[in-house]
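>>> Dropping the sequence and predicted coords here.
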Number of protein chains: 2
Amino acid sequence: MKIKSFRPKQFNGPVKGTPAFSGNKILKLIPLGGVGDVTKNMYVYEYENDIVIIDCGVGFPDEGMLGIDLVIPDITYLKDKKHKIRGILITHAHDDHIGSLPYIWPQLGEVPIYSQKLTCGMIRAKFTEHRLPKDKIRVVGLKDKLQLGVFSASFYQVSHSIPDSTGIVLSTPVGTIIHQADFKMDWTPVNGQVTDVGSVARVGESGVVFMAIDCLRVEKQGYTLSEKTIENTFASVEKETEGKVLITMTSSNVTRIQQAINVCVKSGRRLALAGRSVENNFQVARDLGYLDVPPGLVIAQEEIKRFHDNKLMVLIAGSQGQPGSALSRAANSDHKFVTLRKKDSVVFSADPIPSTESAQSALIDTLTKLGCDVYYSAMLSDLHVSGHAAAEELKLMVNLAKPKYILPIGGTFRHMKSFSRMAQGMGYREDQVLMAQDGQVINIRRDNVKMEGFIPVSNVYVDGLGVGDVGSIVLRDRQVMSEEGVVVVIVPVEQQSGQVAGEPDIITRGFVFEQESEELIEKAKSIARNCLKGRGEAPIDWRYTRHQIEEQLEKFFYGETKRSPLILTTVVEV
Amino acid sequence: MKIKSFRPKQFNGPVKGTPAFSGNKILKLIPLGGVGDVTKNMYVYEYENDIVIIDCGVGFPDEGMLGIDLVIPDITYLKDKKHKIRGILITHAHDDHIGSLPYIWPQLGEVPIYSQKLTCGMIRAKFTEHRLPKDKIRVVGLKDKLQLGVFSASFYQVSHSIPDSTGIVLSTPVGTIIHQADFKMDWTPVNGQVTDVGSVARVGESGVVFMAIDCLRVEKQGYTLSEKTIENTFASVEKETEGKVLITMTSSNVTRIQQAINVCVKSGRRLALAGRSVENNFQVARDLGYLDVPPGLVIAQEEIKRFHDNKLMVLIAGSQGQPGSALSRAANSDHKFVTLRKKDSVVFSADPIPSTESAQSALIDTLTKLGCDVYYSAMLSDLHVSGHAAAEELKLMVNLAKPKYILPIGGTFRHMKSFSRMAQGMGYREDQVLMAQDGQVINIRRDNVKMEGFIPVSNVYVDGLGVGDVGSIVLRDRQVMSEEGVVVVIVPVEQQSGQVAGEPDIITRGFVFEQESEELIEKAKSIARNCLKGRGEAPIDWRYTRHQIEEQLEKFFYGETKRSPLILTTVVEV
């Protein structure tokens, strides 16, 4: 049986049986991101001369990554394997699955990117922004089967918090693999996109050797509520509001935007869009037919002042309380077009994520002080439902796919561990649930799957225009300066003779308020002066003296203030 | 009727009727902290020549307050009124109610501090640490009535997450006031300290003009569960654990510690204490008779290795994932006595607070990777109950006290607003619930209570040994450096002539990795050099040149990197 015959005519799962050449061959799976971590999804499936990549997302900086905008996967491993890459498959259009494409795709030899219509539209918008060519972004139908070297791939539909979310079936020489990123089971989704349990069941019946599956919400017992419950909440808030209705949510949540539109239409309000992410996503989704918007409903922001408040709804960006967002600016009376007034309502249709909880909370406070009626999940349920499967949904998916081995993805180690416990409760052995981490080499054979070795992966930071130029040393310095400030000691030295040529000077920032700490600084100068004493004639041993100055000042400052600023001693040649 | 006769013999609420001298007199209440904020509680009640202060707590720094250890109330208002202060009353021993005493009490003329036994014990421990005299810390019985100038004050018992929590009844010339800080209604508390609803009812019947009341958990519907539910959870975890049982919680939660002790005794394990806060609080509580511990149960940390793991329980500090805590060190194999092994259990009996959610989550991950069984609230309920009243309990308290006017305290503005909505649902008018903020002057008259004016209050920061020496400028510098780093430009200048005496030098930290950015730095040097050109002969106009260098470098760096580091230009005289 040759590889060419390994392509079934239509989607009905892979053909059973072992291709003759498979023997002891190994399919390698290497997660470059997304395992032991909630974001930054990127998975490399490699079989001899063929590589298929699934997803290419960004991660978000944690508190230690000061000043960092984004974290992207480390693709060092792929650098000498570009010729093997047959394509990048994208499961859905969230940033933690597509956000790194503008940074990484140009480095991978501009291979084709395959996904569904809306996902491709969102990627196109990103590529336009980054001035990248868009001819390799290809829409794939749900009935299509892609041949990518030895791999054949097809997409099936799942429910999630953005339309056109999918799972991927990979037929490989070692058997069938399912890659199931973010999903949930929503039997009454707003957009009609039900998780295609039938397809998964058919593939499962034909035998699945390995499945990667979203584990983020495994700790939540039971089932996730249907997205459809949200519209009633919007409608009842609208009814009670005498002023404007402002709704804020994750701006890629197209189906939830549709529900806001529905309420807008029924109540006779006009809709304005505020904030770049809301405007962009709305436009892409509407252009591609994912939003049903009556003509004339949407007004330009400039028109807001021409309508009565009770005839207005505003979809506004900034649901996590991001300081520069449209909602934040409006709350601080700093938005050009959106002015908040006493009888307005603001609806937060998004739960805070751990790192933004205090920002969102502060924003709610500011809005409350303005006299707005603020609706948020702590005071009103049914304002948000998760896009991720809870425990019973995960069990259903595993039961449909019946994989021999499972890799929980998109969660931290503790979520993976909970998933493992859950799977063991379903009859899996402990070794059948892989507790991998980023860079782990997972060897998939027809009969077994094992974690065997690592490739080194590190965080690649995006800071402003720089990609990868900020590393751990720079971050460590930022950390110290952020908490203790910096002290710069300057020693003038005569160029030719190497002799000390004047008094050492000391400046500080972020350490103490200098004008009120003159005494402290003067004492420090005299300590530095003492370290230089007796060196007037001889050339200075710079390395030794610097060490001495820094050591003594560190001790002095800590003793006086219990603070340890970053001390920078530098020589100036004159 | 004179003030002396205004003292009832035993606690049964204040005498009814208007003292003859009250007339149009006004009692001022000024919250210096604790209103519109969850922590930093401090309330000044002032009537003519008498001041009584309730609580003196610390606040915790938010993300913008880089490097700050604590925030304390601003007592500028009290500086010229020390002679009027009759005493400081403390409601309970949590740090946001007592933590500022070591910093503030010495500045207030060393007035008496009044509270219950455990609270006084905890304050004494703090004063010992700060080498302060302890003779003004006075234990007051629940039946005692204090005469403090025109005020008379008595304490009544409430349930909360630390024993000896109280509410305070202040009899004043304008009527009776109740100050009810943190509490809940727990009818089966572990330590028998039920909220004394009878006393509150009696005071309420006699007429209460004003009540300050905890509003933190008003958004939570229904009732808070009893603390007693926790012991069963500890017991069932203990039963399932083959190795050590580690329990971590807020270390002042004495009643929860008692429940851990009970499980320890029943299961035949020994108890070790790890972490300074756990050890200190345990000792104070035990010495004062608040813990029932069989002799021999507690072993020294050094002894841990002499017992089998299944004969050990460890109470360990660090429930919020604080990096330097005992639990964090143990998780990173860096604790001298506590070594974690595969079959050990770690129980987090404390919900994360917003600002520490990611730290706690990371610690849970590290512990899970070690192979420990970790129990935390997302995966198991009944691990923690709140110490604060939920909505129905608040309604009950208001119904008992029947105050004419209410000030919700200990919550953010949105909690105060929710409280106001709740109170309006009970029949209060909007103006009867005061939406005050820190520094607000609240004028309490016999017939009405009004917010009239402000005194200025600012945050006072504690950073290491410094109190108040770090202000907004230092914090702003830290903020910039934390995200963008620092660039120091050094220009050598000849002392006598004021002429430029050499090449400008540039050093950076936290900005770019210098060794890989030589070109960028060289270009920046040449920009600085150009700004100094043609000044070889003339003395330098330093102010102008510095501005020019900083402006041009800022533009240059932003253009090249989209980063805006803190630029520090300094002249060195040689």
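Thanks, I have the structure now.
>>> from here on, contacts and neighbour counts on C-alpha atoms
Fine.
>>> how close does residue A:339 get to chain B?
Applying Cα to the nearest Cα, to the nearest Å, the value for residue A:339 to chain B is 20 Å.
>>> How about the secondary structure of the nearest residue to that residue once chain neighbours are set aside?
Computed as Cα to Cα, 6 or more residues apart in numbering or on different chains, the closest residue to residue A:339 that is not its neighbour in sequence is residue A:330, at 6.1 Å. Of the three states, residue A:330 takes helix under DSSP: H, G, I helix; E, B strand; the rest coil.
>>> what's the burial count for residue A:330?
Residue A:330 is flanked by 18 other residues according to other Cα atoms under 10 Å in any protein chain shown.
>>> who are the neighbours in contact with the closest residue to chain B within the stretch 101-250 of chain A?
When Cα to the nearest Cα is the measure, the stretch 101-250 of chain A has its nearest residue to chain B at residue A:219, with 5.5 Å between them. Applying Cα atoms under 8 Å, 6 or more residues apart in numbering or on different chains, one finds that residue A:219 lies in contact with A:390-391, A:415, A:418, B:378-379.
>>> Select from those residues every entry located in helices.
A:391, A:415, A:418 (DSSP state H).
>>> I'd assumed residue A:218 was in contact with the last one.
Yes: if you go by Cα atoms under 8 Å, residue A:418 and residue A:218 touch, sitting 6.7 Å apart.
>>> Looking at those two, which is more packed in?
Under the criterion of other Cα under 10 Å, the comparison of residue A:418 against residue A:218 puts residue A:218 first, with 27 against 20.
>>> If we only consider the ones in helices among the contacts of residue A:219, which is nearest to residue A:488?
Proximity of those to residue A:488 was ranked by Cα to Cα; the top entry is residue A:415 with 45.5 Å.
>>> burial measure for the closest one, as a count.
Other residues near residue A:415 come to 25 when the count uses other Cα under 10 Å.
>>> swap in the one 5 residues further on?
Other residues lying near residue A:420 total 25 when counted by other Cα under 10 Å.
>>> so residue A:491 is in which element?
When elements are defined using DSSP states H and E, residue A:491 is found to belong to strand A:486-493.
>>> if you look at that strand, does any of it touch chain B?
Yes: contact between strand A:486-493 and chain B is present through A:490, A:492 (criterion: Cα under 8 Å from any Cα of the partner chain).
>>> State whether residue A:339 is indeed within a helix.
No: with the criterion set as three-state DSSP, the secondary structure at residue A:339 is coil rather than a helix.
>>> Am I right that residue A:67 falls within a helix?
No: assigned with three-state DSSP, residue A:67 falls outside any helix and is coil.
>>> Could you list the domains of chain A?
Using automatic domain parsing, the domains assigned to chain A come out as A:27-222+A:386-461, A:229-383, A:472-573.
>>> looking at these, which is buried most?
Mean neighbour counts were taken over the domains of chain A using mean count of other Cα atoms under 10 Å in any protein chain shown, and the top value, a mean of 21, falls to domain A:27-222+A:386-461.
>>> so is residue A:251 in a helix, a strand, or just coil?
Applying three-state DSSP to residue A:251 yields a three-state assignment of coil.
>>> does it really touch residue A:278, like I thought?
Yes: Residue A:251 sits in contact with residue A:278 when judged by Cα under 8 Å, with a separation of 5.0 Å.
>>> residues shared between the contacts of those two?
Common contacts of residue A:251 and residue A:278 (Cα under 8 Å, 6+ apart): residue A:317.
>>> Could you find the closest non-adjacent residue to whichever residue of the stretch 1-150 of chain A sits closest to chain B?
Distances from the stretch 1-150 of chain A to chain B, computed as Cα to the nearest Cα, single out residue A:67 as the nearest residue at 3.5 Å. Counting by Cα to Cα, 6+ apart, the nearest residue to residue A:67 once its immediate chain neighbours are dropped is residue B:483, at 3.5 Å.
>>> For the stretch 201-350 of chain A, which residues are neighbours of chain B?
When proximity is defined as Cα under 8 Å from any Cα, the stretch 201-350 of chain A approaches chain B at A:219-220.
>>> low-scoring stretches of the stretch 201-350 of chain A, by residue?
By pLDDT under 70, the stretch 201-350 of chain A has no low-scoring segment.
>>> quick revisit: who wins for proximity to residue B:357 among the domains of chain A?
Each of these was scored for nearness to residue B:357 using Cα to Cα, and the closest is domain A:229-383 (5.9 Å).
>>> Residue A:247 pairs with what?
Counting by DSSP bridges, residue A:247 is bridged to residue A:315, residue A:347.
>>> ok, residue A:411 touching residue A:40?
No: the pair residue A:411 and residue A:40 does not pass the contact test of Cα under 8 Å, sitting 10.9 Å apart.
>>> any common contacting residues for those two?
Both residue A:411 and residue A:40 are in contact with residue A:34, where contact means Cα under 8 Å, 6+ apart.
>>> to the chain's geometric centre, what's the distance from the helix or strand harbouring the residue nearest to residue A:67?
Assigned by DSSP H and E, residue B:483 falls within helix B:472-484. Its chain's average C-alpha position is 24 Å from that of helix B:472-484, according to Cα atoms, centre = their mean, to the nearest Å.
>>> Likewise for stretch A:92-112?
Its chain's average C-alpha position is 13 Å from that of stretch A:92-112, according to Cα atoms, centre = their mean.
>>> do that stretch and chain B meet at all?
No: in terms of Cα under 8 Å from any Cα, no part of stretch A:92-112 sits within range of chain B; the closest distance is 15.7 Å.
>>> Could you do stretch A:563-574 as well?
Yes: contact of stretch A:563-574 with chain B (Cα under 8 Å from any Cα) involves A:563, A:572-574.
>>> about what we covered before: just the C-alphas of the strand holding residue A:491, formatted as CSV.
Extracted as CSV, the C-alpha positions of strand A:486-493 are listed here (Å, rounded to 0.1, in the frame of the first residue of the first chain):
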residue,chain,number,x,y,z
VAL,A,486,19.5,52.6,40.3
VAL,A,487,22.6,54.3,41.6
VAL,A,488,25.2,55.4,39.1
VAL,A,489,28.7,56.1,40.4
ILE,A,490,30.9,58.0,37.9
VAL,A,491,34.7,58.2,38.3
PRO,A,492,36.6,60.5,36.0
VAL,A,493,40.0,59.1,34.9
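>>> circling back: quick check, the residue nearest to residue A:67 in contact with residue A:63.
No: distance between residue B:483 and residue A:63: 11.0 Å, which falls outside the contact criterion (Cα under 8 Å).
>>> sorry, back to before: list of residues touching the strand holding residue A:491?
A:499-511, A:565-574, B:492, B:572-574.
>>> Repeat that for stretch A:223-239.
A:184-190, A:245, A:256, A:259-260, A:262-263, A:267, A:345, A:382-386, A:388-393.
>>> Now stretch A:351-371: average pLDDT?
Mean pLDDT, stretch A:351-371: 84.
>>> give me the element residue A:31 is part of.
Per DSSP H and E, residue A:31 falls inside strand A:27-33.
>>> Report the contact partners of residue A:260.
With contacts taken as Cα under 8 Å, 6+ apart, residue A:260 has the following neighbours: A:231, A:234, A:247.
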